[in-house]
Each structure stands twice: as C-alpha cells, then as structure tokens.
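Novice: coordinates only, sequence not included:
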C-alpha cells in the first residue's frame, strides 16, 4: 500500500520550516527512522526521520519549500504486512490518544538509548553517520513531543477553543493584518469581551511566535510599545556595486532575539582577569585522563563546571525575571548553554544539570553537542532550557567583549583569549597566564556589586580551585 | 491582430469591472472583454438595478394607496408601461454610462466580444463587429457570471415563457402570470407585475417561498401581501408547460404532501428557478481549469483556480450568486494578482429581498443554527413598539438578533419591514466586528428611526427594552 508521509512535529511551538535538502530520492528503499530531509526551523536545522519504512514513490516537496507540520511530504510504498504497524506510526503524527501512549514509551526508551550511544562514539571527528543515528534513536520526533510537553507546561501553546461554524471573533481589519504578517488568526487567543481578537492580540501572538513561544511573557510584553523602526536604507549603488542574499532562518532568529534582548534588558558588562597559570598546568595533567575517555579538556568545559558552582552560590544569576507578576523565578537546576559558532550562524546548545556531571562527562557532552550543532544534527529541544550562557571567543582572539544576554536568562559569561602577562608578585614581575573574562547581566535584577562579586568568584576559583569548596556550597 | 496585457478580465459585470478597475488602480495594464456595450453585466442591465427601479415605482403606488388610511386619497394610478420602461431604461443608461467613463479614465481597454481560451496565456476574442483578436495575458480573471436556469423538464420555446431578463423588457402587462420559483427574483418580479395589474400566481417546490430566510421574517412579508398573489402553491412542481391558444397551459403536480395538482392557463410564465454558470463557452478544457459538477469554477481563498495564473470570481465561481459577493471577490483577485496578502474571508454575505416590506438578514439564521447545532439565543423587537415604524405605517416589522449565549456575541441579524435592506448593514458590521450585544445596546441610535429597533432588540436581550415590557422570569 502507498502511504502519505507527513512532516512530523519537530519541536514544541515549531509550526513549519524550510526544506534545506532532501536526503532521499524516488525509488530509494528506506527503513523506519531513516532521515528523509533536512529542515530549517526557527530554532535549528533538523533531520526529519521517516515514520515508516518502504520504497519512496513520490516526493511532494522541493528544496527551499516552506513546509508545515502535518503536510504531506512524500509517498511511500510499504510492504503489505508492514501496513498495520507503519500506518499507526503515520497516524500518530495526528496526535490521537494511542499516539500519546506510544509517545510516552517511545520517549523514555529513546532517552535511555541516547546516552550510551553518544558515549561510545565520543570524539568530535566521529564518522558523520554515527552521531546522526544517535540523534535519531528517539525516532519520530512527533512521539517525543507530548512527553516533553507534559514535563514543561507551555503557558499559551494550545490554540483557543471556539464553537464550530461560527466565524472567528475578529474584525476584518484584524483578520487582514494577521494574514499580512503571517499569523493564523485561528491560533490567536482573544483578550476582548467574548474572546474578541484585537490587533494587539495578533501582534502579541506574532511576537511570541518570533520569540520561539516557549518563553513568552516578560520580554515580549515589555517590548510592547514604540520600538523605533530602522531608518530606510540609502541607495548604495550610488557608491558602487552591491549584491543581496536572503538572511537564513538562524540569522533572522539571532537578529530578532538580540534586538529584543537589547531593547528589553538594561545591560551592564563587568570585566575581570583570572590568573590561570596553575589551572593551565592542571588542565594539561588532568586532560590526559579526559583524553583517555576520548574527550578533550577545554577551558570551556572547565568553565561549565565552575559556572555551575557560581550559579549555585549566586542563585540570582540562575534566575529569570517575570515582569508581569513582578517576581524573580529561581531555578533549582543548573543548565548552561554554550555558544557555538557554526557555518549557519550562532547556535547555543544547552548542557543540562551541569552541577551533577563530572568534568570528564561535561567535556564529552560538550564535544558531542557542539559537533552536532555544526553538522546540523542537533535537535531544537537541545537548545531549550538554558539558565546561563558561556561564549568563548578565546580561540579566535580579542582582549575583551560585551556579550548580549540571551533572554529569559539574566547573565552571560564572555571568555576572551588568554595570554602571558607580566604580573608584579613578591617584588618582581612574573610571567603569568591571564584569561580576560566579561560578564554581561540584566541590571533589572542584578546590581553592579553582585556582578563584580560573581565574576570575581569565578576568577578566584580559577586561580585556586580549593576556593570553591571553602567558599562555596549551596547557597 | 493581437494584443498583450498584464491582467485580462473576462466579463464586465459588478465583479469583473471591480476587479479590472482595482487592478488598474494597483498599476497593472488591464483589458476587459465583454459583449455588452458598457460594463455592468446582468446587475446593471437586467438584474439588481432595473428591478429596483421598478420596485421603487411599486412602492410609491402602495404607499399612495395606503395613504387612504392616513387621510389622503389619491386617484387610482394609471400605469403607462412605455413610460415605466423609459424610466427603467434611463436609470440603466445613466449607470452603465458611468461605468464606461470610469473604465476609460483608468485606461482599462474594453474589447466588445466573447473570449475563449486557447492556452494558459492566451484567449481568442470573437469581436461583436466581426473578426477575432488574440489577447495574451499574464493573469486572467474569469467573471462571466450566470444565466437563468431553464426548467429541466420543459423543452418549450415561446415568447410567453419569460426569464428575469426578458420579463424586465416589459413588453406588456399580462393579464395573468405564473411565477415558477419563489426565490427572491420570482417574488420581486411577481410583486412588480402584480402591482402593475397582472394576476400573479407563484409555484414553489419547497414548503415555503423565500427559502433560506427564517420563517418569522417571511411571515411579515406574507401578512402584508395577502392580496399580492392570487395563490401561492408550495410543495408543488411544474410537470409540463405547453403552448395553448390563449396562453401557456401549465400542469402542476405535488412535490410533497399538500402540493397542488391541476392544470391552469397563464398568459405569461416567468421561470426563476436559479442560475447556471456561464463557464461552458470559455474552452476551459484547453487550460485545465476545474469546475464542479454543476459547472461552477472551483477557486481557493484568493479566488485562484487550479491553474495558477487564472482566477474566477462572482456567479461563475459559485454561491451565493450576489453582486456584492462578486464585488469583494473581484477586489480580492485583483489584490492577489498584485502580490498582496489577501483572502476572500467575509464573516457574512448579507441577503436582502427587496419586496414590500423588505426582508434582510446576515450572519447566522435560525434555520442554519438548528441545522448545524449552533447554540444561540434570540433577542427580538417587534416594530409595533417603534414610534417611527408606526408613523411610517410599517408596524408589522420585526428586528431580531441571534446571540451566542456564552460570549454574548452577535452571530446573526434578521430584519423584516420597510428599509430592512438599508438597516441590515449595521448587522453586517456587528457580525464582522464580532460585536457584543452590549456594543449595540450602548451605541446611541438616533430617534426616531427604524435603526433604533436594533438597539432595542439588544436591550431586550437583557430583558429591559424600554418600549416592550416583559415580566421578569421566575428564577
């Protein structure tokens, strides 16, 4: 029998994506779980696994197409007896009750499998198929979805319930605006009397769509009024030739997110230097142990561990601001994102529960996610849920920089290039390895003295690791 | 000879010329093809406009007669059918002259003839004054309208067998007339001929005339028109019509219980049993444009056919077959061709029966609500309580609102009484804006007007309309 394959749910709040490349051709025989295409969403590029096996008879999309969740993308001829099982898989994307049950099972099993698979192939240079297989193990992304949704409730994810056969309660001008800016009016919750949808409701919905939806609320709402539009561009051709290229999705998202961050967060940046001479010594020695495990002990990996301790010691840096309720939301987990420079732009995979992992595990996991971010195998949910971010430009250069806070986080650590500096010690100059650090933070909930203390604490720990244990502990 | 254009509009009725004019206003080169000398189509030439001219005369006659009750007696009117025809023709002439001038000012070229597709970018136009012209286009809008349907079981060709168009030529005032089909065209024209002196009977297959309208509204018409028609045969269909010596012999048979079964002779028979789309002569097969089983062209939200550069609007694109629906579709198609993000998505297309009294409704009807199982409450206001209605001698009227009991949103409005067609626009605005009952009751309506009945109906929803007293419900 010939079955339609629909684009499965890729991640929470992702409704569509553009097709970057199609990885199969008509006539290919594929197995359940094989990658069909690579799709770029608001959050990341993902490979889409097939929910069924069989022979591809037709491909209904082409590269560059914008494809929505649930849209038919291919036709597959399945074997007769495979029909039952495969069919259930395809229907699951529609989200039936049976789908939800399957999801719980599928999600759990997938999660367990993922870690060992990654651990077996720890090096960054692993053959590209291997990490791909690991990434796809928790197979149909759609099935994982409900489980994830249950664990972290999204406040405004569900479309509003309205009676059937009655037109959507929005004025014609509001409906037209929604169409013009690409908002499905049916998905917009109305705040007016009787659920009437106002132009403001449509705009708020659009902002949440741009913000990735999972973290609506404070910044989006605060961005509300009177954001000035950029001035129109001059005619550059007056001065010479120009050419144009469209911004990639990642670029657009970065542009939107940094703009929103810059407009909503009063940034302060603090600088400090850490003497890492001793730490470098330690890294060389201890690094061998990590190498044995198949990883590489990088400064970033060590900073992950140190930041986790700092975040526990200064919980306000591990918090978010709910400006609507005027509350500070403290997080009792320590997830830290690491900015990764990829050829598609900046991606920030998040390492979960950094405080509970050994430095060796962190080094391995960091290499794995960074590698997959670069090879487009990273899943959008692996970039969600960060509390704090480390951006290390030391490999490139620079003496200091002012990183931009990634909302709803409240702080970000910038790492520049370490160098030998003469340090006056005990009556003479000594060559020491100095690492320049920057800390940008949200002044709405963090004051300058706190920022200075936090950054100094990190430097102290780098200079004398024992400091963490003497000074540290859970706050 | 051949011509080139960006946008080709086939048919210059109210949909076609609207599309052509807007496309021109949006900067496109437009050619319009229509066999008539001037734009306007059925609506201006032998539909909406001439009918309304005649109905206005009839209304003046009725009111003059009614004035007897108000202490003013006019002598019995004398109808000079030539004079009436001349007035009607002058109204048409003035309007089509206007549309013609508007086309010229916009530099919309009007080719007089009929078009036939030769391929997806070319039509061949058979010109009225002989010869053909080939027109190549980027986009085409088909707006060829519809033609009165014939009775399926009647082959007869006779001068006595009229359709809306020939009836409006007003050759004479027949002594007796049968109107086949009790929809709005039949009832409106039947009323005209009746007031001019014909004895008019109506036959309708359904259980009541004006199918689609709520019965309480139709009752207002029926009560005021007990003498207009000699008889109204419902649940009855025409079995055969044959040419007799003194007229057409019509045999009726019951279509359901209670229907008539007899043979009668009428001088003229007016057939108004719906319309068939003018889609057959276009050679649509040559370009592969899809139509439905009845020949209506299938279109999407932008009124685009299955062929990307060809659009269809108005009657030829399906129900409701109304000029004001075609008008919006024409604008949407022109916007879509010009690259605007647009869609045909009105919450309601209002319907008006220009009878005396008029019947008008928009949004949800009680018939439709019952059929679809939509929950609603009715708030009504009888015109017997309206000062203005009594002063105008139209106290039999009725205004009602259909309200969503959960949200108090206005879902539909129905009005029967003089000027109902003018009053309904407030209802359209309320439905489109998703107005609350409160919005209508708190909007001040000028006194004394018929429009107050809308405000009072809204007050009645809350049980305290000023001019009607309803004892409080026991709770």
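Specialist: Right, received. Where do you want to start? These numbers were taken from a predicted model, which means no experiment stands behind them.

Novice: Might you list the low-confidence residue ranges for the chain?
Specialist: You didn't pick a chain, so chain A it is. Applying pLDDT under 70 to chain A flags residues A:10-13, A:42-45, A:79-158, A:211-229, A:468, A:471-475.

Novice: wait, I meant chain B there
Specialist: B:1, B:471-475.

Novice: switch to 80 and redo it
Specialist: B:1, B:465, B:468-475 (pLDDT under 80).

Novice: Which parts of it are helices?
Specialist: Secondary structure of chain B (DSSP state H): helices located at B:14-25, B:41-46, B:48-66, B:81-105, B:164-167, B:184-196, B:215-224, B:323-337, B:366-372, B:387-391, B:420-432, B:437-442, B:452-461.

Novice: repeat for chain A
Specialist: A:82-92, A:97-120, A:129-136, A:141-151, A:172-180, A:199-210, A:218-222, A:249-264, A:277-292, A:299-313, A:359-374, A:448-463, A:466-471.

Novice: Whichever residue of the stretch 301-450 of chain A sits closest to chain B: how many residues sit nearby?
Specialist: Closest approach between the stretch 301-450 of chain A and chain B, counting by Cβ to the nearest Cβ: residue A:324, at 25.1 Å. Every residue, glycine included, has its C-beta placed from N, CA and C. Residue A:324: 10 surrounding residues under other Cβ atoms under 10 Å in any protein chain shown.

Novice: follow-up on the earlier one: pick the most buried one from the helices of chain B.
Specialist: helix B:14-25 (a mean of 27; mean count of other Cβ atoms under 10 Å in any protein chain shown).

Novice: And the helices of chain B: which comes nearest residue A:282?
Specialist: helix B:323-337 (67.1 Å; Cβ to Cβ).

Novice: And the residue nearest the centre of chain B?
Specialist: By Cα atoms, centre = their mean, chain B has its centre lying nearest to residue B:322, at 4.9 Å.

Novice: Show me which residues of chain A are close to chain B?
Specialist: Within reach of chain B by Cβ under 8 Å from any Cβ of the partner chain, chain A has these residues: A:163-172, A:175-176, A:179-180, A:192-197.

Novice: Give the closest residue to residue B:122 in space, chain neighbours not counted.
Specialist: Nearest non-adjacent residue to residue B:122, counting by Cβ to Cβ, 6 or more residues apart in numbering or on different chains: residue B:136, 4.8 Å away.

Novice: List the contacts of residue 246.
Specialist: I'll assume chain A. With contacts defined as Cβ atoms under 8 Å, 6 or more residues apart in numbering or on different chains, residue A:246 has no neighbours.

Novice: hm, I was asking about chain B
Specialist: Counted by Cβ under 8 Å, 6+ apart, residue B:246 has contacts B:265, B:267.

Novice: can we see that at 6 Å?
Specialist: Residues in contact with residue B:246 (Cβ atoms under 6 Å, 6 or more residues apart in numbering or on different chains): none are found.

Novice: ditto for the one 5 residues further on
Specialist: Each residue near residue B:251 by Cβ under 6 Å, 6+ apart is listed here: B:239-240, B:263.

Novice: Now do the buried residues in stretch B:263-275.
Specialist: B:264, B:266-273, B:275 (16 or more other Cβ atoms under 10 Å in any protein chain shown).

Novice: Among the residues you listed, name the ones in strands.
Specialist: Applying DSSP state E to the buried residues of stretch B:263-275, the entries found in strands are B:264, B:266, B:268-271, B:275.

Novice: if we take these, which one ends up nearest to residue A:245?
Specialist: residue B:275 (52.5 Å).

Novice: what's the closest non-adjacent residue to residue A:338?
Specialist: Using Cβ to Cβ, 6+ apart, the closest residue to residue A:338 is residue A:390 (5.3 Å).

Novice: repeat for residue B:344
Specialist: Nearest to residue B:344 is residue B:332, by Cβ to Cβ, 6+ apart, at 4.6 Å.

Novice: That neighbour and residue B:341 touch, don't they?
Specialist: No: judged on Cβ atoms under 6 Å, residue B:332 makes no contact with residue B:341 at a distance of 10.8 Å.
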